[in-house]
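*Asks:* sharing a model that was predicted from the sequence below.
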Amino acid sequence: MGLAFAVLLVAGGVLSALLASDRRIEERQHARLQATQSGPLTPFQSDGCSGGLSEVWSALPRELRADPLPFEACCVTHDRAYHAGGGEALPRGGYMARLAADRALQACVAQSGGRALADGMFQAVRLGGMPCSGLAWRWGYGRPACK
């Protein structure tokens, strides 16, 4: 147990350093997204909590879970922010808007899911949610694909 915890701490520190160094890259991606802002938004869709969290939760036996997932509303609110992808005039504004949405998700999940889960989800969305990544859950997924 102690070794696993140490590995998680090291991995978390490496991930945090990686995320901080990639701000310039992300701001370039926000600039690419801004080029699609004139296109119409697709209708809003949400998978609840991405990464299979909502799916796994609903597959658990009823005796093991509350219904619904206690923090699923946090994920849907987060998806709404990601769907539109901001609309800021400058790439830095897009970066800050996404960071604010991710911090809001973290705070919301911490209230009902615990701090460790909230911190893990924050790291996951920071890593996997960059705009113009081609991923289905990216910042601005409701906008036309980035060029």
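*Replies:* Everything's here; your move.
*Asks:* for residue 101, which non-adjacent residue is spatially closest?
*Replies:* Residue nearest to residue 101 in three dimensions, not counting chain neighbours: residue 81, with 3.8 Å by Cβ to Cβ, 6 or more residues apart in numbering. In this view, the C-beta of every residue, glycine as well, is placed from N, C-alpha and C.
*Asks:* count the neighbours of residue 119 for me.
*Replies:* Applying other Cβ atoms under 10 Å, we find 14 residues neighbouring residue 119.
*Asks:* in this protein, what helix or strand scores lowest on average pLDDT?
*Replies:* Across the helices and strands of the chain, mean confidence by mean pLDDT, DSSP states H and E is lowest for helix 2-21: a mean of 53.
*Asks:* quick one: residues contacting the residue nearest the centre of the chain.
*Replies:* Among the residues of the chain, residue 125 comes closest to the average C-alpha position under Cα atoms, centre = their mean, at 3.0 Å. Residue 125 is in contact with 78, 102, 105, counting by Cβ atoms under 8 Å, 6 or more residues apart in numbering.
*Asks:* done for today, thanks.
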